[in-house]
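**Student:** What follows is a predicted protein model with its sequence.
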Amino acid sequence: MQLGTPLSQYLIEEQRLYPEATGSFTLLMNDIALACKTISAAVRKGALVDVLGNAESDNCQGEQQKKLDIIANELFIKNNIWRGHIAAMASEEMEEVYPIPDGQPKGKYLLVFDPLDGSSNIDVDGPIGTIFSIMRSDKENPTEEDFLQEGTKQVCAGYCLYGPATMIVISIGHGTHAFTLDPDIGEFVLTHKDIQIPEDSAEYSINHANRLGWEKPMRQYVEDREAGKNGPKGKRYTMRWVGAMVMDVHRILMRGGMFAYPIDEGIRAKGGRLRLMYEANPISFLVEQAGGIATTGYQRILDLKPSGLHQRVPVIIGSKNEVTDILNFHKSYAEQNSLEFTHKCRLFS
Ligand code: AFP
């Protein structure tokens, strides 16, 4: 596949690898791309079309909704509901599964999404994105239980980043590829083929304000990096934090690094900060397909059996050698404190 290939062509060529394919997945992906272009258009106009600011509602997790959260959620539903490729949807903004209404054709896929990740950046003109995950369904009327599949079962994972350029990054299990929206032709074109996250890096991304609540392994990692040239790595590190996971992860896909939203005492009761089904799983799939590691510190994220649509988990992802150091700290900590540690990693020292 050459750089410059349109997303629609990439999808059809992938479809041809499977003679039994009906084309339903290809069409679903085109619908998702259209939804992302529509959201991108609303994001670009910003204050000009009154899409900034708070809505007069909270989402199902008690978080203040932004107008764009609601608009993006509705655009995603509107672009995907009528085509007949989906059995049901679920989103950060909706408490329960959103069924395809009776009378509309239903398909064999489940679509889970965070319509607008990084909402706190909306009003400051910062980067934001949409994250999505597609799984299979063998039911005509799927329930929440049918959505609770391990991340390894995702058929496709991706995000759309609304940054200086709009980019869609996807993996259908054959590497991670990025397509940039060419506004002149209205099409996503392949600009980053088979992304490989560098194994080493001198950049990490974490909300330092939570530091006092972190567990010892995460504090140990950050203290080592803060020590710079005098630390065990013998080099100076840089810290970057955008507050939108899509952007912090995109940087890692482009040039390596480590991103973490680890467990801390302030969020332990909730299980973590980031949501498993529409944040951690799709992002972990993309990262692993690009040669990186994704873990809770103790378990591989993609192996977790979800317990609910809105379950939260600790997330530590990125360059192999950085994340392996963190895993080694967790492994020792788990041994000392009789905690379960199951993440298998061939790089363990
Ligand atoms: P939203 O999904 O509510 O927009 O939150 C964004 C996010 O889940 C993730 O993208 C960021 O990394 C993280 O929250 C930032 O959280 P804090 O800045 O509050 O620590």
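**Tutor:** Received the coordinates, thanks. Please read all numbers here as calculations on a predicted model, not as lab measurements. Numbering: from 1, shown residues only.
**Student:** going forward, measure contacts and count neighbours with C-alpha atoms only.
**Tutor:** Will do.
**Student:** Spell out which parts of the stretch 1-150 of the chain neighbour the ligand.
**Tutor:** Within the stretch 1-150 of the chain, the positions adjacent to the ligand are 117, 118, 119, 120 by Cα under 6 Å from any ligand atom.
**Student:** Select from those residues the one having the most neighbours.
**Tutor:** When neighbours are counted by other Cα atoms under 10 Å, residue 117 leads these with 26 neighbours.
**Student:** what's around the residue lying closest to that one once chain neighbours are set aside, how many residues?
**Tutor:** Of all residues not flanking residue 117 in the chain, residue 129 sits nearest, at 5.1 Å (Cα to Cα, 6 or more residues apart in numbering). A count of nearby residues for residue 129, using other Cα under 10 Å, gives 27.
**Student:** give me phi/psi at residue 129?
**Tutor:** phi -160, psi 180 (degrees, to the nearest 10).
**Student:** Who is it paired with across the strands?
**Tutor:** Beta-bridge partners of residue 129, counted by DSSP bridges, are residue 117, residue 161.
**Student:** what's the pLDDT at it?
**Tutor:** For residue 129, the pLDDT comes out at 97.
**Student:** which residues does it contact?
**Tutor:** 115, 116, 117, 118, 159, 160, 161, 162, 244, 246, 247 (Cα atoms under 8 Å, 6 or more residues apart in numbering).
**Student:** Output those in JSON lines; the columns should cover distance to residue 225 and pLDDT.
**Tutor:** Putting those into JSON lines (distance: Cα to Cα, whole Å; pLDDT from 0 to 100) gives the following:
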{"residue": "115", "distance to residue 225": "34", "pLDDT": "95"}
{"residue": "116", "distance to residue 225": "32", "pLDDT": "93"}
{"residue": "117", "distance to residue 225": "28", "pLDDT": "96"}
{"residue": "118", "distance to residue 225": "26", "pLDDT": "94"}
{"residue": "159", "distance to residue 225": "29", "pLDDT": "98"}
{"residue": "160", "distance to residue 225": "31", "pLDDT": "98"}
{"residue": "161", "distance to residue 225": "28", "pLDDT": "98"}
{"residue": "162", "distance to residue 225": "30", "pLDDT": "96"}
{"residue": "244", "distance to residue 225": "22", "pLDDT": "97"}
{"residue": "246", "distance to residue 225": "23", "pLDDT": "98"}
{"residue": "247", "distance to residue 225": "22", "pLDDT": "98"}
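**Student:** which pair in these spans the largest distance?
**Tutor:** Farthest pair in the contacts of residue 129 (Cα to Cα) is 115 and 247. Separation: 14.5 Å.
**Student:** Neighbour count for the two, which is higher?
**Tutor:** residue 115 (31 against 23).
**Student:** residues touching the closest residue to residue 156 other than its chain neighbours, list them.
**Tutor:** Distance criterion Cα to Cα, 6+ apart; nearest residue to residue 156, sequence neighbours excluded, is residue 172 at 4.4 Å. For residue 172, the contacting residues are 155, 156, 157, by Cα under 8 Å, 6+ apart.
**Student:** From the residues you listed, pick the one nearest the ligand.
**Tutor:** Distance to the ligand across the contacts of residue 172 (Cα to the nearest ligand atom) is lowest for residue 157, with 16.0 Å.
**Student:** who's in contact with the helix or strand containing that closest one?
**Tutor:** In the assignment (DSSP states H and E), residue 157 maps to strand 156-162. With contact meaning Cα under 8 Å, 6+ apart, strand 156-162 is reached by 36, 40, 43, 127-135, 166-173, 246-247, 282-283, 285-286.
**Student:** At the geometric centre of this structure, which residue sits there?
**Tutor:** With distances taken as Cα atoms, centre = their mean, residue 283 lies nearest the centre of the chain, 3.2 Å away.
**Student:** Would you mind giving the contacts of residue 129 as CSV with distance to residue 308 added?
**Tutor:** As requested, the contacts of residue 129 are exported to CSV (distance: Cα to Cα, whole Å):
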residue, distance to residue 308
115, 18
116, 20
117, 19
118, 22
159, 21
160, 24
161, 26
162, 28
244, 23
246, 22
247, 26
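**Student:** And the chain, what are its domain boundaries?
**Tutor:** 7-192, 203-348 (automatic domain parsing).
**Student:** looking at the chain, which residue lies furthest from center?
**Tutor:** In the chain, residue 230 marks the outermost C-alpha relative to the chain mean, sitting 34.4 Å out by Cα atoms, centre = their mean.
**Student:** and the stretch 201-349 of the chain, which residues reach the ligand?
**Tutor:** 207, 243, 244, 245, 274.
**Student:** Tell me how many other residues crowd residue 234.
**Tutor:** Count around residue 234 with other Cα under 10 Å applied: 12.
**Student:** That one against residue 226, yeah?
**Tutor:** No. Contact between residue 234 and residue 226 fails when scored by Cα atoms under 8 Å: they sit 10.7 Å apart.
**Student:** Residues contacting the host helix or strand of residue 326, please?
**Tutor:** For residue 326, the host element (DSSP H and E) is helix 320-336. Contact with helix 320-336 is made by 198-201, 216-218, 220-221, 257-258, 291-294, 297-298, 316-317, 339-341, 343, 345, 347-349, as judged by Cα under 8 Å, 6+ apart.
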